[in-house]
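Peer 1: Pasting the sequence and the predicted coordinates here, then a few questions.
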Amino acid sequence: MAERDLLRFLEKISQLQALAMEVDNDPTRRTELASCTDHNQVIELTRTWGYDIGRRWGEADSVGTSGDNLFQAECPEPGAEIKRQLAAGNGWTLMLINSNGFVSPEGEWFDQAESEWVLVLRGSARLRFSSPDRLLDLSAGDHLMIPPHQRHRLDRTDPDPGTLWLALHWHA
């Protein structure tokens with residue numbers, strides 16, 4: 001482990017210890033924290049208390065715009081997505097998608113004619129599927145095949161630095 005990464009890791013542990021003591025000693029904060037229903041809510045709440053515990057292992061300090069490094073993709077405005085075509089061929093397209101707290105508009109579903117394989121590179125997301133109705137939480141490293149016409153939508157993606165995806169679309 002590089003010294004910079006070790007120091008970042010130790011600082012996160014220090015903040016988590018301080019947060020645990022504060023929540024242990026403050027019933028109001030304990031109740032607020034207990035009311036969170038997912039990771040993103042915990043991160044946002046604790047950020048308002050002065051803690052920066054949301055950065056995951058390996059995330060850069062700042063996001064650049066290098067075209068050669070997928071992890072330095074520009075983060076969109078809150079509530080938005082940026083899609084960038086990385087490669088394409090006869091009947092297939094490879095996309096990089098960066099979602100920043102993006103949610104599918106109410107009542108709208110993706111219903112694609114092509115097959116899709118997605119891989120979460122950074123962050124997390126919750127997908128909702130219809131027929132059958134189910135929820136699926138994805139984290140960094142998780143991947144999924146979505147067959148043609150499998151209606152789905154995004155119920156949640158991470159806030160800045162966002163959820164970073166690779167998506168391969170192809171016609172079978």
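Peer 2: Now that the structure is in, tell me what you want to look at. It should be emphasised that the depicted structure is a prediction, and the values quoted were computed from it without experimental measurement.
Peer 1: what's the worst-scoring helix or strand of the chain on mean pLDDT packed up against?
Peer 2: Ranking every helix and strand in the chain by mean pLDDT, DSSP states H and E puts helix 39-48 at the bottom, with a mean of 84. Packing partners of helix 39-48 (3 or more Cβ pairs under 8 Å, 6 or more residues apart in numbering; DSSP states H and E): helix 27-34. The way it works is simple: take the backbone N, C-alpha and C, and place the C-beta from them, glycine included.
Peer 1: so how far is R156 from the closest residue to D24 other than its chain neighbours?
Peer 2: Distances taken as Cβ to Cβ, 6 or more residues apart in numbering put R30 closest to D24, at 7.3 Å, once the chain neighbours are dropped. Taking Cβ to Cβ, to the nearest Å as the measure, R30 falls 24 Å from R156.
Peer 1: burial of the nearest residue to G79 once chain neighbours are set aside, as a residue count?
Peer 2: Once flanking residues are discounted, G79 sits nearest to G101: 5.4 Å by Cβ to Cβ, 6+ apart. A count of nearby residues for G101, using other Cβ atoms under 10 Å, gives 19.
Peer 1: and what of E11?
Peer 2: Around E11 there are 13 residues (other Cβ under 10 Å).
Peer 1: quick one on the thing from earlier: what's in contact with the least confident helix or strand of the chain?
Peer 2: Contact with helix 39-48 is made by L19, E32, L33, C36, I53, G54, G101, S124, R156, D158, P159, as judged by Cβ atoms under 8 Å, 6 or more residues apart in numbering.
Peer 1: Would you indicate which residues of that helix are buried?
Peer 2: For helix 39-48, burial by neighbour count (16 or more other Cβ atoms under 10 Å) applies to H39, N40, V42, I43, T46.
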